[in-house]
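In: Pasted the sequence and its predicted model underneath.
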Amino acid sequence: MAKLYVLGLTGSIGMGKTTTAEMFRDAGIAVWDADAAVHELYTSHEATISGIAEIVPAAVGPTGVSREILRNFLQADKDLFSKLEKIVYPAIRMHRDAFLDKCRELDLKLAVVDIPLLYETGAEKWLDGVLVVTIDAVTQRDRVMGRKGMTMDAFKMLMDKQLPDCEKRKRADFVIETKTLDHVRSEVNSLIEKLGGNTQNA
């Protein structure tokens, strides 16, 4: 059985991480998405939903946790972050580990884990390598502020939780500048070839 190479994918908000992850998927590489996992937990995982209901009752409704309402409470009370992390992180870890177990079961050679707060949570310690995506600050701000419901205050709050881009690039094993789609696709394909990835899907 070949060893699975687990590549962490990260980058500050607006840097093109989601687009890059999609290109790995398009190439047939198995990708685990932390944001998608959180969405699943917030809408269908009873233990997570009930835990959040205890600390922010107003953020929980018939369809689960409202991320928008929860974000508003987090902006108003920074102490909520640590309480939220204690509820969500263990569930995310179990979700991710199940994905990686499936990749190993399928004898895949490469899997990507898309983690927004990769360095901030110490994930580089268990990964085989880290890819950081980056872009200039002006393009980053324009991309983020073009998102529905985004405000400058919310943008600043998210940036405050993230390691500066320059520090991420220093610590990365691989860096891709997301200047054009063609450039990113070419870099992704080159990296897959370098890491010996196959095209099976988990």
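Out: Sure, I can see it. Numbering: from 1, shown residues only.
In: Over to the residue minimising distance to the centre of the chain: give its phi and psi.
Out: For the chain, the residue sitting closest to the mean C-alpha position, by CA atoms, centre = their mean, is I115 at 2.9 Å. The phi and psi values for I115, taken as degrees, to the nearest 10, are phi -130, psi 110.
In: What sits closest to it if chain neighbours are left out?
Out: The shortest distance from I115 to any non-neighbouring residue, by CB to CB, 6 or more residues apart in numbering, is to A34 (4.9 Å). All C-beta atoms are positioned from the backbone trio N, CA, C, and that covers glycine.
In: what sits against that neighbour?
Out: The contact partners of A34, taken as CB atoms under 8 Å, 6 or more residues apart in numbering, are I92, R96, V113, D114, I115, P116.
In: count of neighbours near the fourth one?
Out: To tie it back to what came earlier, the one meant is D114. 25 (other CB atoms under 10 Å).
In: Any idea what it is bridged to?
Out: The bridge-partner assignment for D114, based on DSSP bridges, gives L9, D33.
In: doesn't K17 make contact with it?
Out: Yes. Using CB atoms under 8 Å, D114 is in contact with K17, at 6.4 Å.
In: Now list whatever residues contact both of these two.
Out: Common neighbours of D114 and K17 (CB under 8 Å, 6+ apart) are L9, T10.
In: follow-up on the earlier one: let me see the contact set for the residue nearest to the centre of the chain.
Out: G8, L9, T10, A34, T121, A123.
In: Distance check, it against L127.
Out: Plainly put, I115 is 9 Å away from L127 if you go by CB to CB, to the nearest Å.
In: same deal with V6?
Out: V6 is 5 Å from L127, where distance means CB to CB.
In: okay, and the common contacts of those two?
Out: With CB under 8 Å, 6+ apart as the test, V6 and L127 both reach V113.
In: Report the beta-bridge partners for F174.
Out: Per DSSP bridges, the residues bridged to F174 are L131.
In: what about it, distance to M152?
Out: F174 sits 31 Å away from M152, going by CB to CB.
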